[in-house]
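In: sequence first, then the predicted structure:
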Amino acid sequence: MSHANIEDTLKHIRIYIVIFFSLAVLTVVTVWASHLQISHHLHIIVALTIATVKAALVAAFFMHLISEKKTIYAILGFTGFFFLAMIILTFLTTKTVIHSWLV
Amino acid sequence: MSAEIHYIDTPHPVTGVTNNKLGVWAFLASEVMLFGGLFSAYILLRTGASNWPHGPELLNVKLATINTMVLITSSVTMVMAWASLMLQNLKRFRFYMLSTILLAIGFLVIKTFEYYAKFEHHHYPSTNNFYAIYFTLTGLHGLHVVGGVFVNLYLLLTAGKAWKDAPKKFTSRVEASGLYWHFVDLVWIFLFPALYLL
């Protein structure tokens, strides 16, 4: 293994440690935020925002998505599109406008 | 003509990535849709219910928070196991891989305590829609943890020979297993607030 590769891996290890502590802090923040006296809708937004940040950190650094090849991004792009379509369609069915179309 | 499919440990000229990495990502894409479907069911059940229980009143948030920390730690030990191989250190790989497996078992033990407490109070998937989706989501996630334990255990037990025979191939396999393991962690990151806190 070349010296440059070793240096690169050691640099990555330092990043992994930083990400680990960030994830631990964000977990504590999620639990703390759940006790805040705010509206239920705001609770959902706060909790899901923190979860998304945590997931992004795991995906970007532990799964190396921050420096991945185009093929992988393409697969994930399609997956993300269909995942969002499924979630949005589910939300839409709960809205009265859709009910009025169906009835 | 041989029917054998040779293992290629170099990036494929068309895709730019190794075949096993492409395969794992395609598998993870299908996993996103599997859990996505169940999350959709959760949203539909919750928004459609006139009265939905508040997670912290029914579930043990303290145990789930500990489990979140356990899973996050296991993700770090997993990536460190891979980094150890990149640094040609098999001994350290074994230490981190064993840590990952033990943390995963720890997660399952805590989850068992949680389930036991629920069954003790006669709370089953058939009790109501909240418990139905709670047991389905956490149960499926738990099965993924069990699967990860078996794969990682296999990699740990065969490490000596695999590393000696083909170090690059073995490192690539550990990376693929790591991708799966981080995905399992990622799913829990969303399950935790959705079921326990909201």
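Out: Cool, the structure landed. What you see is a predicted model; the values in this text were computed from it and never measured.
In: where does chain A have low pLDDT?
Out: Flagging of chain A using pLDDT under 70 yields the residue ranges A:1-2, A:95-103.
In: in the helix-or-strand element of chain B with minimal mean pLDDT, what's buried?
Out: Lowest on mean pLDDT, DSSP states H and E among the helices and strands of chain B sits helix B:55-58, with a mean of 90. For helix B:55-58, burial by neighbour count (16 or more other C-beta atoms under 10 Å in any protein chain shown) applies to B:Gly55, B:Pro56, B:Leu58. From N, CA and C alone the C-beta is placed, and that goes for glycine too.
In: what's that helix packed up against?
Out: Helix B:55-58 sits against no helix or strand, with contacts defined as 3 or more C-beta pairs under 8 Å, 6 or more residues apart in numbering or on different chains; DSSP states H and E.
In: which of the residues in whichever helix or strand comes after that helix are buried?
Out: Going down the chain from helix B:55-58, the next helix or strand is helix B:61-86, by DSSP states H and E. Using 16+ other C-beta under 10 Å as the test for burial, helix B:61-86 gives B:64-65, B:67-86.
In: from the chain's centroid, how far away is the longest helix anywhere in chain A?
Out: Counting by DSSP state H, the longest helix found in chain A is helix A:3-33. Mean-position distance between helix A:3-33 and its chain equals 15 Å (C-alpha atoms, centre = their mean, to the nearest Å).
In: in it, what's buried?
Out: Under the neighbour-count criterion of 16+ other C-beta under 10 Å, helix A:3-33 has A:Thr9, A:His12, A:Tyr16, A:Ile19, A:Phe20, A:Leu23, A:Leu26, A:Thr27, A:Thr30, A:Val31, A:Ala33 buried.
In: go on, stretch B:133-144?
Out: B:Ile133, B:Tyr134, B:Phe135, B:Leu137, B:Thr138, B:His141, B:Gly142, B:His144.
In: please apply the same query to stretch B:35-53.
Out: Buried, per 16+ other C-beta under 10 Å, within stretch B:35-53: B:Phe35, B:Gly36, B:Leu38, B:Phe39, B:Ser40, B:Ala41, B:Tyr42, B:Ile43, B:Leu44, B:Arg46.
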